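Colleague: sequence first, then the predicted structure:
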Amino acid sequence: MPRLLLPIAPWPFAELGILHHAQLGENRCLSITLSTMSAILALVPIRAGVLPSGGAEVVAEAQGRALLVGEGATEAAEALAGIATHLRAWETPGFAPGEWANRLAPVLRDEAVVLLPASPDGRDLAPRIAAVLERPLLAGAMEIRPGSVSTIRYGGRVLSEHLVNGSVVVTLQPGVRGVEHAHGSAAALEFITPPLAEAAVRDATLEELLPPDVSTMDLSEAPRILGGGAGLDSVERFEQLAQVAALLQASAGATRVITDRGWIAHTRQIGTTGVVVDPRLYIAFGISGAVQHTAGLGQPDHIISINMDEHCPMMDLADLALVADANETLQVLQQRLLALEDSQRTAQV
Amino acid sequence: MTEQMIWTPLQLGPVTVSNRIVFSAHLTNYAEGGLPTEQHAAYYAERAKGGAGLIITEEHSTHPTDWPYEKLIHGFNREVIPGYRRITDAVHRHRVPIFAQINHNGGQASSMYSRLPVWAPSAVADPLFREVPKAVNAAEIAEIVASYALVAGHCVEGGFDGVELQCSHSSIVRGFLSPATNLRTDEYGGSLTNRARILIEIVAAVRAEIGPELALGVRLCGDELIEGGTRIDEAVEVAKMVEATGHVDYINTSIGVATASLFMIEASMHIPPGYAMFIPAAVRAAVDLPVVGVGRFKDPLQAERALSEGLCDLVGVVRGQIADPDFVRKAKAGFTDDTRLCLSCNQECVGRMGLNRWLGCIENPRTGRESLGVGTPQPVTVGRKVLVVGAGPAGMQAAIAAARNGHHVTVCEREAAAGGQVRLAASVPNRVEFGDLVRNQLNECGRLGVEFEYGVTVTAQEVGRRGADSVVIATGARPSTPYWMPEDLAGGSGWIVDVRDVLSGKAQPTGKVLVIDEIGFHHATSVGELLADRGCEVEIITPGMVVGQDLGITLDMENWWIRAGSKGILQTTNSGVMGIEGHTVQLQHHPTGTQLTREPDWLVLALPADPVDELYFELKAAGVDVYRAGDAVAPRRAHSAVIEGERVGAAITSADRTLAIR
Amino acid sequence: MNPADLNPAGLNPAGINLVACVKWAELRPEIDPLHGSVEASQRSSGFSSSDFAAVESALRLAQAWSDQGQTCGVTVLCAGPEGAEDSLRDFFAVGATRVVRVHLAEQRSSAQVAELLASALMPSQLNAQFVICGDVSSDRGSGSVPAYLAHHLGMQQALGLIGLESTDPGSLHATRRLDGGRRERLLLMTAAVISVEGSVATLRRSSLAATLAAKQKTVEVRKQQIDWPTEVNRLRPWRPRARVLAPPAGDDALSRILELTGAQSGSTAARTLRLDPEQAAEAVLEQLAAWGYLDDSLPT
Amino acid sequence: MPDFDVIVVGAGPAGAAAALEAARAGRSVCLLERGPYPGSKNMYGGVIYGRVLDTLIPNWWEEAPIQRWVTRRSTMLMAGDQAVTVDYRCSSWGEAPYNGATAFRPEFDAWLASKAEAAGAVLICSTTATGLLRDGTRVVGVRTDRPDGDLTAQVVICCDGVNSFLAKEAGLYPPSDPANYTLGVKETILLPREVIDERFAVRGDHGVDIEILGCTGEVPGGGFLYTNAESLAVGLVLSLPKLAACGRRPEEMLAELKAHSAIAPLIEGGQVKEYSAHVIPEAGYKMMPELIGDGILVAGDAAAMCLAAGIWLEGVNFAIGSGAAAGQAAARAVQRRDTSSAGLQDYRRRLDSNFVMSDHRKLREAPHLVMSDLAQQQLPRIACGVMEQLFTVTNPDPKPGLRKIIRGQMKLNNLKLRDAISQGMKALRTFG
Ligand SMILES: Cc1cc2nc3c(=O)[nH]c(=O)nc-3n(C[C@H](O)[C@H](O)[C@H](O)COP(=O)(O)OP(=O)(O)OC[C@H]3O[C@@H](n4cnc5c(N)ncnc54)[C@H](O)[C@@H]3O)c2cc1C
Ligand SMILES: Cc1cc2nc3c(=O)[nH]c(=O)nc-3n(C[C@H](O)[C@H](O)[C@H](O)COP(=O)(O)OP(=O)(O)OC[C@H]3O[C@@H](n4cnc5c(N)ncnc54)[C@H](O)[C@@H]3O)c2cc1C
Ligand SMILES: Cc1cc2nc3c(=O)[nH]c(=O)nc-3n(C[C@H](O)[C@H](O)[C@H](O)COP(=O)(O)OP(=O)(O)OC[C@H]3O[C@@H](n4cnc5c(N)ncnc54)[C@H](O)[C@@H]3O)c2cc1C
Ligand SMILES: Cc1cc2nc3c(=O)[nH]c(=O)nc-3n(C[C@H](O)[C@H](O)[C@H](O)COP(=O)(O)O)c2cc1C
Ligand code: SF4
Ligand code: SF4
């Protein structure tokens, strides 16, 4: 086989190109090259208005063209503001991979690349779609380039580069792409209802959707976080922080001062040398807001800071800055929340 | 987060690096007579031993017209080769590859040392050197290209594994690339292709000289941060051209121009971490060559994150490894916490370069003195009981040096925590990293088994009671009382207070505050900022030509000006306090003798301090084996405290010399 | 279950056939980080903990349903090379009634593997009512084989399970992991394909007698003509995807410097209140209520 | 009817050899191994002496998985920052029939066990023998950790390595004395093949074996450095009780050896791949148990047939030799239908007639000698001291005479001529 040497060949596209020509005859797929391909569509399974992990990434990768499937499309579309440009949605309850694949097939047939996130739902839906459309599935991709898709192998230690010269279904590994933080308004949403498929497929029956356990959940995924800093006075106070957090369905984090002291596990440290988080709500108790801490804070929608020092950076960042003793405030909060919970419980009974 | 990417080897053309941490190029001022020295070899070898994946030496000049500072290595002189060999042999012993950075500084230089006109693409004077260069002609361009090849040849002979072309922040190539300094109308000016022509020619010439066995890298600037200069889009285009030559194995990146925006290259702690990462990220998205990202990386986790997020393929850690040569080794062994984190203070590394002194580090007395064996353990046969008074930087370093040699050390500190004045200095906005000095020393003390007792004010009786063999006095400094201080206000209880009183919370100024800066460093400026943040109306007055004079050396000046401006801090120079009358401060503008007055609510003083040395003299008189270090000798800065502590601690000898065998 | 109840082919048409699919894979591959090449060795190949969990889950379900009077058989099915046979044989020792290997000498795409397996699972063949797979393989890690199987066999699917409870013979409750820490509970009836995480069950230890006896058993081997093209792919070392960070936008140098250094930033708090702790806690709760954090029970 | 004729516990070199020989003789054999495969957990220094294999597996060198053939053996005496090395090279050791080789145990043991399997032995891995089954005093099988895990046989051969609790359970061991044990610690350090070739001045598949005395401070012991194909093995052997008494950590002492100026340049820049530790029966002949009981034999490390005192590290060859003998003896006893202690005495005869016992008997004082103060402390210091004085040029002072130097060094190190001579005689007797 002749070897074509480009002046630079860090990735072996040139060689692969030849390989691929050699294989062309055996390939069963329609020949559309990705570089000229018109259509890449993100197919995003949603639940209760929430995007799956990697949901925004696939939409960005598909240059904004997306089809949302599941419950709560309007809400999910908001989370895609500035990312999605062309949005369609099929409102349908639960998660029914078999039925969805069958009914979506006609809608997807003309898309050269159907891209799903490799989230639990995306991962399980993609093979069904690929099977119905009778095209290859490239699962757990890192990147889609013209003519090739690289997928992740051996737990992220190796990349497998696939030449693509036909229509494919791809799942994108969440987190590998990232999304530029975009501002903008939500794209217009066009609702569709794919026709019923001829052949009925059986899917499992959903009995119950269980909420996450905030106390053990990975901080980087937590939507609500209560952070504690050197302003909190003891290990016990951090137990209290964790309790209050749990009552608010939030996770607890801390600054390096605290993790250095061993008051809370290192995995709970927020910041450049800890976990980078991106909650919607952040409540800071006795945190000064050093840049090493705030650099790992993401972009919360809402911040409350409780601190004795009115002028520290954390107070400046806050939507609500309370000049108060964080320890006692926490104490009172705990009492109030427990009381609230009790009253709710009795109300229910 | 566990590190993973950072430990993955990578191929840079013919060279394999075993991890992703690069000791990127930087001046050291270790050269003598234009030649590399033993100190160079020892310095780089120490970092190689510490596990750096790749070492890139400081720049070597390619041509006699390039001699901007005294201690530059004259790569064009064949006599450098034995010195090169010494460096590469020393580094190769640790199986770490080493590249040479070669460069011509172009117009960013002066003719002072070379006594030759400075060469540049166009006759545009550099803002720092303020010297109009000679615009080179075609023959001279060819000569420059040839000079790169010549020096690259020396590097091959000298045993280097690769060559890096510094085309980034202080270079004639940068001069050509930048529309701000290249006004040519020939084929070397105008379009980007033309401006990049010399770079492409140099790349070809150097590759031809070094052959396929050595790696070739190009360091590019992503944003010069000067008016009309190179910006990221063009930098990315240049990177693509460089890749297209097929001769280059990796791209290093940088930001700013050494003579106009140096403070952005060697960013101090006021600049957020990761500030320059948009550059390698953009380059990496456009080319497939491995890309190095640099700038304020001090922690392996931070490096891991940049690598795994795909912002770069290698991370340059310069000051991090100046401060701790074992940066990589410690991280790899899982002792990240033991790393002596760089403070990004710029005091003894960058700061000394501008002063034409050899490179050191505020917290590592060994840096720059590796070849002399400073900091090498000299175990004593029989350890002494050593009592250190004061847990400031001087006391803790003395404890470290003594414990390292096998003495039994106890540190007594009056306060409830270690750190002395450093704790105060680090308590202002954006200067927390200075406090890592204390954290690092405490960590090291912990590893060496030094014992600490807090809340103990040591007196002569206390020393007697404890019966230590040797005592180190590191009691620091206290505010001085200026001659003009009204007697009833001395002691910092009234409206006239020291910066330390403000930082410790003893005084809480409000309203109109006048800060006097007679030290010319962070003392006045940082407290001024703190008070402005608290809503005070702040004016800083100094007898010097500028407020915070030495901030220039540490590259903090530019940002200080920006922040002072935005916080409404007033700066008045060339004026000193003459006296106080009631609540009126009498000042004199000394160049003109003009009298000024101010009536502030508070007067905050940053003045040269007094040593706390009474205990020392008392013990000395009593015949105790006593030493003194740091501000207690003469109030200066933290670096003096650290090196004195080191010297004193290392000087404590074995308890019983007669037992020493060899 | 009593092998004597089964017909000569090892199957009881009236009973429930559980099939555990296991993948012979490189468990601790030596990967050359420079070139991405994977060095496989017989000794580091084996079945993953999730595959073992699949077999154990099948055995437990079979046991539970047998106890309720249902005839159940457990078959272990593997598409793999001959080298897998020694280890496959061990499944006899833990109680598998049949062990079948579909011959597959090289790495194939998940779709192709699924096709091979599906043809072995068809009613005319193994006639599987429940197919239990491991969650993801250690090499490919796509977890897509079971979904393909569900498609080919027209079965229900529930993948990535972290919990499994049997109820009546032929139906089970499964807990499936979703993202963001959420989970769902599903009800499955014959016929279904499920995949389980390794934490679901640990494979039992076989008795010594069974271990010795298993040495004498034979793994059924099926050879199938495969004429599909091999995957056109090439391994290279992991290199994270390039990610672009927004560069400073300002046109003049100073504004870009300001953007990079943040020297002038320092927003001020939208609302600052000096309060005693009682009031402060109250203020926090009021604010949270106003933002809508206190009413919904599911954080989003 | 027992399940097997012979059960061999432990698929190390001893067990594999025993199973091989017994199976070859036509007996039904079960080879039990607790690891997932033979050799999976076994560690040692790194050199195997292959002569013993000649009869067992003809032309073994053509197929055995080895790293390098040892063609260079050095003995190094260390004191302070000094070292004296005696270096021996022999290129014929690099050709068939070879002498010693470095090898990885997971590869070597698995290979040897596969030979036994090929001969008909049934290998059962991931199975630990937890006790003996007895009928009166007679051993009739083993209990394993598997459900229903009893297994019966006419003869059980214990090859379960050092601290064999099966042999102890059978009452074959006297109460154990910690002084008879040493601790081996080892690091595997990765270096490219070319670098090893260059640093150790060897080519191709030739390798080096360095034994070191005087590198263990106050703890009696020794050190070693072996070359594998693309890695080095550096380790220490340390007297267990003395190690415990001195309160130092073995990895710390190993770090010290690695930093020594005679070793550091050899390993510089290498990456540590793994650290492991293992106990070794050091006292050899003197601590050997009863080797034969009713229905039971003990071989290899389980029978303390290991020479591992300080610089001495031979065990695999003894393990194979004794294992093979046990296998043969067991097969014969089964065939003759007398597997009582008396019927198994053939094992003893076989051992006595080959190198296993004669070496051990001859060298029975060796561990003691090598671990003595003289060898550990005085000898290295004197050797280094003598060299230092001999080679330090003291002009204009005249050179001292060699005899004077030696006497001076002996005095400095508190060695009396009388003791030196008596120890020397003892050494001659021991090794002669
Ligand atoms: C290289 C490096 C990396 C770092 N990485 C991280 C990182 O990843 N994450 C991180 O968090 N930090 C990190 N840091 C440390 C960081 O710089 C700060 O030191 C740290 O974030 C400060 O934590 P803090 O706010 O809890 O403590 P402080 O800065 O001491 O602030 C305590 C705050 O509590 C307030 N307070 C005190 N008492 C009370 C009270 N009773 N009620 C209310 N308020 C009170 C004070 O006013 C103050 O604002 C890093 C530092 C360095 C040098
Ligand atoms: C506001 C401010 C900003 C500064 N900024 C910088 C800067 O940016 N860079 C720089 O290099 N330097 C700076 N310095 C100076 C620097 O902090 C000092 O030079 C340095 O801390 C001196 O160290 P030392 O160990 O000698 O003394 P100190 O740091 O003063 O430590 C002395 C210690 O001894 C203790 N002590 C005293 N007497 C007794 C006793 N009898 N018994 C027990 N304990 C006792 C004290 O409590 C104290 O902890 C700054 C100083 C100030 C005040
Ligand atoms: C640090 C060190 C360095 C050495 N260097 C050398 C050297 O360079 N050259 C040399 O020739 N010798 C060396 N030796 C000695 C050599 O390793 C041993 O002598 C040799 O391995 C003994 O073989 P063996 O078969 O008797 O026992 P082992 O190799 O210990 O094998 C025993 C086997 O039995 C298995 N087992 C144990 N208990 C049970 C049980 N209850 N049930 C089932 N299986 C069980 C174990 O898993 C193991 O596989 C060294 C030893 C050490 C510790
Ligand atoms: C004292 C000093 C001198 C430097 N000199 C050079 C140089 O000669 N060539 C160069 O390319 N970069 C030079 N640099 C820039 C460094 O390579 C690096 O980009 C910068 O220090 C930021 O990295 P850091 O935050 O890890 O220190 C120098 C840096 C320092 C601290
Ligand atoms: S403070 Fe230093 S180490 Fe920490 S994140 Fe910033 S640059 Fe990195
Ligand atoms: S002097 Fe300061 S900035 Fe320079 S290396 Fe040392 S700690 Fe870092």
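Modeller: Looks like it came in fine. Ligands and ions are numbered 1, 2, ... in the order given.
Colleague: can you pull out the helices in chain C?
Modeller: Assigned by DSSP state H, the helices in chain C fall at C:49-67, C:85-94, C:110-121, C:145-153, C:208-214, C:253-261, C:277-291.
Colleague: the second one close to chain D?
Modeller: No - for a cut-off given as CB under 8 Å from any CB of the partner chain, helix C:85-94 has no contacts with chain D; the smallest distance is 9.0 Å. The C-beta positions use only the backbone N, C-alpha and C, and glycine is treated the same way.
Colleague: so which bits of that helix are buried?
Modeller: Residues of helix C:85-94 classed as buried by neighbour count (16 or more other CB atoms under 10 Å in any protein chain shown): C:Glu85, C:Ser87, C:Leu88, C:Arg89, C:Asp90, C:Phe91, C:Phe92, C:Ala93, C:Val94.
Colleague: excluding chain neighbours, what is closest to the residue of the stretch 101-250 of chain A found nearest ligand 2?
Modeller: Of all residues in the stretch 101-250 of chain A, A:Ala230 sits closest to ligand 2, at 19.3 Å by CB to the nearest ligand atom. In space, and not counting its chain neighbours, A:Ala230 is closest to A:Val257: 4.4 Å by CB to CB, 6 or more residues apart in numbering or on different chains.
Colleague: got the helices of chain C as a markdown table, with distance to ligand 1 and mean pLDDT columns?
Modeller: As requested, these are exported to a markdown table (distance: least, CB to the nearest ligand atom, whole Å; pLDDT from 0 to 100):
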| stretch | distance to ligand 1 | mean pLDDT |
| --- | --- | --- |
| helix C:49-67 | 34 | 94 |
| helix C:85-94 | 45 | 94 |
| helix C:110-121 | 40 | 91 |
| helix C:145-153 | 40 | 95 |
| helix C:208-214 | 52 | 92 |
| helix C:253-261 | 17 | 91 |
| helix C:277-291 | 9 | 93 |
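Colleague: select, out of those, the one closest to D:Val298.
Modeller: helix C:208-214 (22.6 Å; CB to CB).
Colleague: may I have that closest one exported as PDB, CA atoms only?
Modeller: Taking Å, rounded to 0.1, in the frame of the first residue of the first chain, the C-alpha atoms of helix C:208-214 are listed here in PDB:
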ATOM      1  CA  LEU C 208     -14.500 -27.400  44.700                       C
ATOM      2  CA  ALA C 209     -16.400 -30.400  43.300                       C
ATOM      3  CA  ALA C 210     -18.200 -28.200  40.800                       C
ATOM      4  CA  THR C 211     -14.900 -26.500  39.900                       C
ATOM      5  CA  LEU C 212     -13.400 -29.900  39.200                       C
ATOM      6  CA  ALA C 213     -16.400 -31.100  37.400                       C
ATOM      7  CA  ALA C 214     -16.500 -28.000  35.200                       C
END
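Colleague: ok, it near chain D or not?
Modeller: Yes - Helix C:208-214 comes into contact with chain D (CB under 8 Å from any CB), by way of C:Leu208, C:Ala209, C:Ala210, C:Thr211, C:Leu212.
Colleague: contact partners for the last one?
Modeller: When the contact criterion is CB atoms under 8 Å, 6 or more residues apart in numbering or on different chains, the partners of C:Leu212 are D:Asp3, D:Cys30, D:Val122, D:Ile124.
Colleague: which one of those residues is nearest chain B?
Modeller: D:Ile124 (37.1 Å; CB to the nearest CB).
Colleague: neighbours of the closest one, how many?
Modeller: 19 (other CB atoms under 10 Å in any protein chain shown).
Colleague: phi and psi next, for it.
Modeller: phi -120, psi 110 (degrees, to the nearest 10).
Colleague: who does it bridge with?
Modeller: D:Leu32 (DSSP bridges).
Colleague: how close does it sit to B:Ile251?
Modeller: Relative to B:Ile251, D:Ile124 is positioned 58 Å away (CB to CB, to the nearest Å).
Colleague: and the longest helix for the chain?
Modeller: All of this refers to chain A. Of all the segments of type helix in chain A, defined by DSSP H, the longest one is helix A:326-348.
Colleague: that's the wrong chain, I wanted chain D
Modeller: Max-length helix for chain D by DSSP H is helix D:316-335.
Colleague: low-confidence ranges in chain B?
Modeller: For chain B, residues meeting the criterion pLDDT under 70 lie at B:1-3, B:656-662.
Colleague: quick one: name the residues of it near chain D.
Modeller: B:Ser18, B:Arg93, B:His94, B:Arg95, B:Val96, B:Arg662.
Colleague: for the nearest residue to the fifth one once chain neighbours are set aside, give me its contacts.
Modeller: Counting by CB to CB, 6+ apart, B:Ala48 is the residue found nearest to B:Val96 once chain neighbours are left out, at 3.9 Å. When contacts are counted by CB under 8 Å, 6+ apart, B:Ala48 touches B:Ile55, B:Ala90, B:Val91, B:Arg93, B:His94, B:Val96, B:Ile98.
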